[in-house]
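1. here are the coordinates; sequence isn't available:
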């Protein structure tokens, strides 16, 4: 369905490819805009943020010298689903960008990161990857499970992630993670991912999801990534070191960006990332990187590029 917008001088088509395999066409504009994300500036003035960031700084030396703590990750990204109706463009780019951010720090090694993409991102491959984590990690370690791809909810009310060959429900994922001893960070960039929190919430787990349990979330041509994954990765690359502090930045950035999409495309594309934290203190993803105030300014002045844009529903 198309709609003529009289107050916009330039028109283009934005296809939305949905999990249920149908296409909706809407009009939007490609005006360049600069949103200063005032909500992000409020965070830096928030006492809770200042306390967390101070802890981030003071813990660095001890964590760098703690040779008994290791960091592990399983990163799953699916672009090419079976058939042609559910393919996504940027899941793999999202997780490989995240991998680069990890490897630019001192506490990550390539050998500690396992990547599953497309035909390799099967149910058995994910289970084997979690077994690999179980065989290597211990109670002092931190493990990350990161998924970028389609997600939804079944008729029994269970949320699930769409792997290449099967669906894994929130309960099934919880069962697999129960074998891990150390802290676990679960990052889900998929539709209705907030519904996983209820089943996965446990001590020693941090769960970051792209949206609430009843919302959709998106991949965007401008970002060449899922929106949530993009801002999470940028905050870890430029500003935050812990999962908790990264979420403090990522949340308002995603909301502001998605609200702007809704305004430009005259639809409802707003989503709200969700978090559960069952750990004590901060759970570091990165143990070394300077906090630079200029990085906040650069991140908060993000611009949408002026070109034809497509958005994919996850």
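-> On my side now, so go ahead. Since this is a predicted model, take the numbers as computed values, not measurements. Numbering: from 1, shown residues only.
2. which residues in the stretch 201-314 of the chain form helices?
-> 227-238, 243-265, 293-300 (DSSP state H, counting those that start in this stretch).
3. for the record, mean pLDDT for the second one?
-> Right, helix 243-265. Helix 243-265 shows a mean pLDDT of 93 in the predicted model.
4. So what angle separates the directions of it and helix 227-238?
-> Orientation check (axes from the mean of the first three to the mean of the last three Cα atoms, to 10 degrees): helix 243-265 against helix 227-238 gives 130 degrees.
5. Just grab the bridge partners of the spatially closest residue to residue 72 that is not a sequence neighbour for me.
-> In space, and not counting its chain neighbours, residue 72 is closest to residue 143: 4.5 Å by Cβ to Cβ, 6 or more residues apart in numbering. Backbone N, C-alpha and C define where each C-beta goes, glycine included. When bridges are called by DSSP bridges, residue 143 pairs up with residue 72, residue 184.
6. Take the helices of the stretch 201-314 of the chain and lay them out in JSON lines including mean neighbour count and distance to residue 126.
-> What follows is these, written out as JSON lines (neighbours: other Cβ atoms under 10 Å; distance: least, Cβ to Cβ, whole Å):
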{"stretch": "helix 227-238", "mean neighbour count": "25", "distance to residue 126": "18"}
{"stretch": "helix 243-265", "mean neighbour count": "21", "distance to residue 126": "21"}
{"stretch": "helix 293-300", "mean neighbour count": "14", "distance to residue 126": "32"}
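7. Would you reformat those as CSV and include distance to residue 104?
-> Below are the helices of the stretch 201-314 of the chain laid out as CSV (distance: least, Cβ to Cβ, whole Å):
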stretch, distance to residue 104
helix 227-238, 7
helix 243-265, 15
helix 293-300, 14
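8. right, and those - which one's nearest residue 166?
-> helix 227-238 (22.5 Å; Cβ to Cβ).
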